[in-house]
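1. Fold the following for me, if possible:
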Amino acid sequence: MLRLTERDKALIAKCGICRWLSTSQLQRLYFPGATLNAVQKRLRKLSDEGFLQAYREDLLSEAIHTVGPKGKAIAQERGVDGTIAAEVPRQIEHLRGVNDIRIAVETGAVRVAYFFAYWQLANLGWKHPVIPDAIFAVRVLARQRFAVEYDRLTEGLEVLASKLDSYSAGIPGFSFEAVVIVTERDRRLDLLTREMRKRQVTVRVLATTIAELEATTIFDCRFRELPHGERSKLLEIPDTEDAGEDVEE
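-> The predicted model follows:
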């Protein structure tokens, strides 16, 4: 019988939160110093014992993982729903990209108050017409919130630009510092810049590509400030001893 470690339990719960995580995503989160082969062996053991279930489209594709039948109780012990996925969603690449953004947030050196993906918002009572791909908050002196849009180029530019119009109008009950846009190609950012200059977009927009984000954490990434194009970081972190402490709102 497989003896579960605390890392195994955290990994199982994270799969419940994220729905599906690839081998490389789990490696970044829980096995940063391990070889890919070692990670694959551990995940295979967890799948063989029923704590995870894995799916691979073909022999050349990377495996993705979700909660298995025996993992449901482990996830629930940690306050996670632990719902067993019936099947791989059709928009798995979009889900994977949002989870890449989650990892870029959670592996940074800044204290994260929360990160909620679009599939979690309904359970939080989100009833606003505009639905971000994710929202997250960090604790740097005062809590700062951000909305996230992951653009895989599957929708027209007009759709993304209209969402920015909605963000400019404000979201009642959810104030935020900026909208973070993560897209597939630099060319898309050039086109979005032109579109924004035609509109009255008043919200702060920080944009980057998924490749740039995967190479670092979200707090070290040098974003483009749209529509002007200056490079800046998400946060200007003060160099004080109490920078990591939360301030009650």
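
2. how many neighbours does the residue lying closest to Arg231 once chain neighbours are set aside have?
-> Distances taken as C-beta to C-beta, 6 or more residues apart in numbering place Arg222 nearest to Arg231, at 4.6 Å, with adjacent residues excluded. (C-beta placed from N, C-alpha, C; glycine too.) Arg222: 13 surrounding residues under other C-beta atoms under 10 Å.

3. and Arg222, what does it touch?
-> For Arg222, the contact set (C-beta atoms under 8 Å, 6 or more residues apart in numbering) comprises Thr208, Glu212, Arg231, Ser232, Lys233.

4. low pLDDT regions in this protein?
-> Applying pLDDT under 70 to the chain flags residues 82, 86, 237-249.

5. Please identify the helix or strand for the most centrally placed residue in the chain.
-> Centroid check for the chain by C-alpha atoms, centre = their mean gives Arg102 as the closest residue, at 2.4 Å. Using DSSP states H and E, Arg102 maps to helix 92-106.

6. CA-only coordinates of that helix in CSV, if you can.
-> This file holds the C-alpha atoms of helix 92-106, laid out as CSV (Å, rounded to 0.1, in the frame of the first residue of the first chain):
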residue,chain,number,x,y,z
ILE,A,92,-8.4,22.0,-21.8
GLU,A,93,-5.7,24.3,-23.3
HIS,A,94,-7.5,27.4,-22.0
LEU,A,95,-7.8,25.8,-18.5
ARG,A,96,-4.1,24.8,-18.7
GLY,A,97,-3.2,28.4,-19.5
VAL,A,98,-5.2,29.8,-16.6
ASN,A,99,-3.4,27.3,-14.3
ASP,A,100,0.0,28.4,-15.7
ILE,A,101,-1.0,31.9,-14.6
ARG,A,102,-2.0,30.6,-11.2
ILE,A,103,1.4,28.9,-10.8
ALA,A,104,3.2,32.1,-11.8
VAL,A,105,1.3,33.9,-9.0
GLU,A,106,1.6,31.2,-6.3
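
7. For it, name the packing helices and strands.
-> helix 23-30, strand 112-117, strand 134-140, strand 142-151, strand 178-183, helix 210-214 (3 or more C-beta pairs under 8 Å, 6 or more residues apart in numbering; DSSP states H and E).

8. how about stretch 16-33: buried residues?
-> For stretch 16-33, burial by neighbour count (16 or more other C-beta atoms under 10 Å) applies to 16-23, 25-31.
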